[in-house]
Structure formats: structure tokens, C-alpha cells
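> here is a sequence together with a model predicted from it:
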Amino acid sequence: MIKSEKKDESEKIALEEQEIIEKKEATTKKESVEEESLEDKLKIAQEKLLRSMAETENQRRRFEKEKKEAFEFGAFNFAGEALSLIDNIDRAIISFKNDESLKDNKDLEKIIDGIEIVKKDLISTFKKNGIEAIDCLNKKFDPNFHQAMLEIESSDKEPGLVVQEIQKGYMMKDRLLRPSLVGVSKKINEKNEKK
Amino acid sequence: MSRVIGIDLGTTNSCVAVMEGTQAKVLENAEGARTTPSVVAFGENEEKLVGQSAKRQAVTNPENTLFAVKRLIGRNFNDESVQKDVAKAPYKIIKSDNNDAWLEARGKKYSPSQISAFILQKMKETAEKYLGQEVKQAVITVPAYFNDSQRQATKDAGKIAGLEVLRIINEPTAASLAYGLDKKGGKKIAVYDLGGGTFDVSILEIGDGVFEVKSTNGDTFLGGEDFDDTIVNYLANEFKKDNGIDLKTDKLALQRLKEAAEKAKIELSSATQTEINLPFITADKTGPKHINIKLTRAKLEALVEELVKRTLKPCEIALKDSGFNAAEINEVVLVGGMTRMPKIVETVKTFFGKDPNKSVNPDEVVAMGAAIQGGVLQGDVKDVLLLDVTPLSLGIETLGGISTKLIEKNTTIPTKKSQVFSTAEDNQPAVSIRVLQGEREMASDNKLLGNFELVGIPNAPRGIPQIEVTFDIDANGIVSVSAKDKGTGKEQKIQIQASGGLSDDEIKNMVKDAEANKEADKKKKETVEARNQADTIIHTTEKNLKDHGSKISEADKKAIENGISDLRNALKGTDTEEVKKKTQNLVQSSMKLGEEIYKSQQKNSDTKNAKTSKDTKNNEQNKENVVDADFEEVKEEKKDKDKDKDKEKRA
């Protein structure tokens, strides 16, 4: 019962809201034709011509801009996915450094050095293409560049600061490629009212 | 000239589009994204965030980050669904003075219309940045089941955002407009909308350009995110089984899992299997742990089977309520990113018994439909839609029986295009213009629309006269073809009715034919062009020998003469490769002659007559638009000359 009422209501509204487009246009057209003289028609036609010429110009301008942006940011998606390469190289290095069984291995440093060189090269290549890491630690939390993953109580740090970088964020030229995943400081025992 | 924009104001995401000519175009926001999260947040210092940035700080500010406000707009505080949200939402939902559901953030009270207005404002700004002008009017979409109060509240949101809302239209209606279903007449349409957070199915009927909603149903808590969660749970559970660690407690691991799950889901819509690779996802005493799992489409479909099934019940009910049965439904439209999944398409197809419309981007189709409605209301779209296109290419016949296109198929008319051609023979007195319609490479495979001649071309070496051929199509599709001798100013023209009785099907077949014969046609054309080139080389080399033969040695002269007769022999046969080879040989051997001619040319500046093989080569590269026209005898007038040569095209 309630459902069919609702349906009728929305049907009615749908009908009311949906005007008969063709009929409306037909009536307005008829009215205007009766009043138009040749001069009026010419004026209207001239104005339409100017308008479409102007619009063509505007379109051209917009397409030029789009083309430029498409070119500049064409690698945006690929760049976003390629960031995980740097992520994982970092993780590999950390994992090696923390590995108990490798601790006493004299060659560990050699291996890590080798990997660091590749990492440096990767970062440099990214930089050349306008991709740079976001420096976020101890900066004020800015949702335009950082994504808050958790809050961390801190007695000595001001609230609303980035105190932990969970994953590095990157910019591509002036666009955000990937936000920094961060932990944000908060006052100890901050009020948590929930309903 | 202000433009009417179309806005899809969604529960989780919003999208804005505008008409660009005949096409609706979705606009990117300041962050370069084509959709904007429908989230508004209030920061500490009176700052207001809208969209992705609001989403990113949700964890630090849950009570003042407002999302899914669409669930509250135009509703009474005591509504059952509102009460459900009151319990679930991390932000405060309160009762206004007249019992409406309102929100409270940072001590201030807001109506859902006000919050939605902030989102609409951002969409407005996105459009203004793109168009470079102020935007004052919009068409906004709402679910088909919205009642009067909800529609009015949405309209109010527009007003608060500074937009005159010309029309509120239903989301399924907008989707149907985007597919042009309103033009097909007398249709029963089912719209299956599986978005990020909600599922809606609507049955519509169109008559006389009016859309009527027959029934609606759905599941307000079923969407793409649920599919992602299923994959995340699968991955986490498999990992726990193998490694005894629960990844869901690790925020970063969970984030990575979510991203990988969504990516895998998307990839499996086009590939049958994908690899989920998450190195160093976590670590324990034994060392680092990695995820490297292959996920097949079949496995994914098994995992989400229950979710997909859940969408069928609402479809059944909606169909029943509409009074139609599945067989009566003429068109099915898919909306929402999740409908890209092949299993969903298949399920929908099986249920309704027909192929769904899915060619338009399902995330954007509603906004595009709103933009189309906006364009119609503005008046421009109707004008533009009145513009026709020429369905098949138009051109003329050139040397070797080739069809040279002047106007490409699907060019919007009215239009005008000119190209300069020339003669194929020395002292050719006239050119014959054969107007062709069709996509084939060879003139004989296309339709001859008409032909005429331009006579009185003064004597001149081949390739010198400039004959400008112009195609002019008016808004009614009437083609005027003219040929003008730029030297004498003499002109001839004819008028043809271009579509001349070709039905849509005939046109489609012609285009299909051309595709099927593309390779064969290309070869034919190459053969003809090779022969034309050979012809030209022989002609010009002979001429040069006559004029300048004295400048080179007897041996060189003999070599060239041999080259010419070799090539002539090759032309007698049908081996195109042979012709090409002999042409090259002749070109090589006449290089010396060319050098001498060039040297003597440098002394006198008369460039008009000198036609060496070198020059010819240069001409072929430089004279882009000059094509040799031919003279074709009109059958009745059998005159003295038996010129049967065709037009030659120089690259």
C-alpha cells in the first residue's frame, strides 16, 4: 500500500515535472514566427552566426588546453602505478636491514648499497618527469596533500601535525599524484563524543 | 552566452557535464578527476573542505565530516531511514524547527540542502573554469523514487549554490537520454543502476517524448564497495590461513589490500585472470611476507555470486509493479561503474532477455543525460541536432581509375572543400569531372553521381594547368561540384542530390563493403599508382632526353634509353613489383641527365619547362594538392584524339 502510493506520487510528479518538450517548443515557435519580419529574421540569423563563430573559437581554445594537459599528464596513471616500485624497494631495504639472519653478514652492506643506487636512479628518473615526493613529516596536516590513516596521541607535539609517514606521497608537476598516508597528532584524551 | 550544465548529484560521488557541440562532455575538477566525492567537512578554523580533500581528513574529524547527505535531503527527522542513519553516522543528525532532518557540525546547524549546495558549488566552479565564463543554470538529477519534498530540497540546494535549476530530472531518465532512447519512440525501458553504494532499478515508459516512471525498487546498501570488500576479505583470509596474521588490523596493509582489490576487480572486467602482487605486505620473526596471488575471473564471480543475485529480487519486484513482463521491455540501460563487470552484464541480459545498452561510460551517463537535457532547454542542441552529416565520402575519379576523396564520410554539413588538380597529358584541352560517392579505392566500385567537362584549357605541358575542383554541400544535402581553370577563369559546375535515394541500410552496407575490401582495394590502388608513376617517368625522361640529351655522354644516353624500354616492357605485363623495380632503375640511370639539366637550369631561371626525373621526384614530394585531371571522351562526340588516359595523382 505504501509503496504503490509512493509510486503514484512519483508517477504524478514525474508527469508534472516532465514537460512535453516538443509541444512546448512548437508553441513558442509559432508565436515567434507570427511576429518576425524579414529584418528580424536577418538580425536573428546574424546573431546566431556570430554566436556560433564565437563558440567555435572558444571550443578551439578549450581543445588546445585539453590537448596540452593530456600531453603533460599523459603518464599520470602509469606514474601512479609505478610508485609502488619505489615503495617496494624501500620495503626490501628495510626488511634486509631488520633481518636477524642477515645481521652478521658482511656482504649485506654491499647488497644494500647496490639496491640504493638503483633506487636513487629511479627517483632521479621520476624527478626528471616532474614527479617528486611530498615532504610531510612535522608539517601541518593538509588534506589537500595528506590522507589521515590514524590519530596518534602526543603530549609534546602540537595537535594536527603529521607525526608519522606511513606511505610516501608524490606530486606530478602541480597535481597530486598520490597523497601521503600519515598519522596525525592529537591531544591526549581528546573528547570523543559519539552518539 | 551562458551554458546550462548537467549535474549528477550522487550519494557517494557527483559528476558534472556540459554540451560540447552535439556531444555531452564530462568535466574534470581542479584535481583532475572526473567525479567528485559527495563529502563536505568543516575544519577547526572555519575552513570548509569539499570532495576528495574532505574525505582524506575524515579519520581526524569524523563528527564534522558529512557524507551521504543525499540520504537525508528532503526527509523528515522521524523517517525510519533517517533514524537508521542517526544510529550509524559518525556525525550529528538533528531535528530542525519544522521536523526536518538537519545536520550539526562545529556547533552550527545545516540543512541537507545547504550541505549539498557546497557540493553543487564545487561542480559549478569546475564548469566555470572549463568554460571560462559564469554558469548560472543547471539541470540536476534525482532518483526516480524521490518525492516532492526531496525534489524541492534538491532544487533549493541548487539555488543556494547560485544556480537556477531549470529542471530536476530522474536519473534513469537522464541515462535514457544519453542513449538517445527518447528518439526511438514508444519504448519500455529498464534501467539497472549499480553504483558505489546503492542499487536502483527503474522501469520507464516513453511516449511522445515524455518519460513516465512505471516503478522503482532497489537496495540502498548494495554497491561496488561491497564487491571490493568481498575481495579484501578473501585475500585477508587466505593470508591468515597461510601465515597466521590478520592483515586487517594493519592500517597500511589494509589500505594496500583495498587498492589492490579494486584494481583487480577492474582488470578482471577485461582479462580472465590477474595477478595481485603485494610485496612486503607485513613481516614477522621469520622475515618479510608477500602476497602473490593469481585471481581468475571465475573465482571472482564465485566470490561475489551472492551480491549479484541480490540485485535480481528488486528487478523482479519492479517488473511486477510496472505491469510489464521481461519480454515487453524494449531497452535495458546500465548505469554505475559496477555494471562494467561481465557477470553483471550477463545476469542483466539473462534476466531481461536482451543486450543492455552499455556503450556510454556508466559512471558518467547520468551527468551526460542531464547535460543533454540542459542543452535542449537552452535551445542550442536542437539547432545542432538539426545538422546532418554526409553519410558517404564524395570525390572525383583520377588517373588510373582511382577514387580521390574530397569530402570524408560523416562530415557535418553544410560544408565546402576545394582541391587543385591538373592535366595528365601535354596540351590536354579539357578535363572530365566524374563525381563519385562511396568508400572504395577504385572509381568503378563507387557510385557515379554525375559528370561534366571543363573545356578550353590552353595548351600547356601536363601538370601545369591549375584546375580547382570545389565540392559544396548545403544544409539540405544538395551537392554542387565546380571545376575552374585558375588560368583562364573558365568554370563549369553541376548540382546533384547527394543521398539520392540511398536507405540507411544501403549506406551501412556500402561502408561495410569498403571495410571488407580494404586490403584488396589498397593493392589495386598501389598497382595503379605504380603504373602511373612509371608512365610519368617515361614521359618526362624521354622529354628530357630530347631536350638535353646532348649534355651527357653516349654511354649514359644508351643506359637511359635501355631503362626506358625495359620499363615499357614491364608495363606491358601485370607484375607490379617488376614495374616498381624498373622504375627505380630508370630513375637511377637518369640521375646524370638530371644533374646536367639542373646545372644548366641554375644558369637560366626558366623553371617552367624543365622536367627532369629529379625534378619529378621533388614535385611528387612538394606538390601536395596538384593532381592531374584527365580528359574523358564523351561517348557521342567521337573526335580525332583518342585520349583515354585517366587522372594521375601526384603525391
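Sure thing, it's come through.

> residue in chain B nearest to chain A?
Going by C-beta to the nearest C-beta, chain A is nearest to B:F280 of chain B, at 3.4 Å. C-beta coordinates here come from the backbone N, C-alpha and C atoms, glycine included.

> mean confidence score for stretch A:179-195?
The pLDDT scores in stretch A:179-195 average 75.

> how about stretch A:116-129?
Throughout stretch A:116-129, pLDDT has a mean value of 94.

> per-residue pLDDT, the residue of chain B closest to chain A?
With respect to pLDDT, B:F280 scores 91.

> my guess is it contacts A:A92, does it?
Yes. Between B:F280 and A:A92 a contact is recorded at 6.5 Å, counting by C-beta atoms under 8 Å.

> buried set for stretch B:54-73?
B:54-61, B:63-73 (16 or more other C-beta atoms under 10 Å in any protein chain shown).

> tell me how many other residues surround B:N410.
Residues lying near B:N410 (other C-beta atoms under 10 Å in any protein chain shown) number 11.

> who does the nearest residue to it once chain neighbours are set aside bridge with?
Spatial nearest neighbour of B:N410, excluding adjacent residues (C-beta to C-beta, 6 or more residues apart in numbering or on different chains): B:V389 at 4.8 Å. With DSSP bridges as the criterion, B:V389 is bridged to B:T412.

> apart from its neighbours in sequence, what residue is nearest the residue of chain B closest to chain A?
Nearest non-adjacent residue to B:F280 (C-beta to C-beta, 6+ apart): A:R91, at 3.4 Å.

> what about the helix or strand where the one you found lies, distance to the chain center?
Assigned by DSSP states H and E, A:R91 belongs to helix A:76-98. Relative to its parent chain, helix A:76-98 has a centroid offset of 21 Å by C-alpha atoms, centre = their mean, to the nearest Å.

> contacts for that helix?
Outside helix A:76-98, the residues that touch it by C-beta atoms under 8 Å, 6 or more residues apart in numbering or on different chains are A:102, A:108, A:111-112, A:115-116, A:118-119, A:122-123, A:126, A:129, A:131, A:167-168, A:170, A:172, A:175, A:177-178, B:32, B:279-280, B:283, B:287-288.

> what's the helix or strand for B:E212?
Using DSSP H and E, B:E212 maps to strand B:210-219.

> elements contacting the longest strand seen in chain B?
Secondary structure of chain B per DSSP state E: the longest strand is strand B:273-284. Under the contact criterion of 3 or more C-beta pairs under 8 Å, 6 or more residues apart in numbering or on different chains; DSSP states H and E, strand B:273-284 touches helix A:76-98, helix B:224-243, helix B:251-267, strand B:287-296.

> got the angle for it vs helix B:251-267?
170 degrees (axes from the mean of the first three to the mean of the last three C-alpha atoms, to 10 degrees).

> what's strand B:273-284 in contact with?
If you take C-beta under 8 Å, 6+ apart as the criterion, strand B:273-284 is touched by A:88, A:91-92, A:94-95, A:98, B:235, B:239, B:243, B:245, B:247, B:250, B:253, B:256-257, B:260-261, B:264, B:267-268, B:288-297.

> all strands of chain A, in order?
In chain A, the strands defined using DSSP E lie at A:131-133, A:146-153, A:162-167, A:170-172, A:175-178, A:180-186.

> rebuild those as a markdown table, extending it with mean neighbour count and distance to B:D148.
Converted to a markdown table, the strands of chain A look like this (neighbours: other C-beta atoms under 10 Å in any protein chain shown; distance: least, C-beta to C-beta, whole Å):
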| stretch | mean neighbour count | distance to B:D148 |
| --- | --- | --- |
| strand A:131-133 | 18 | 51 |
| strand A:146-153 | 19 | 40 |
| strand A:162-167 | 18 | 47 |
| strand A:170-172 | 19 | 47 |
| strand A:175-178 | 20 | 41 |
| strand A:180-186 | 24 | 43 |
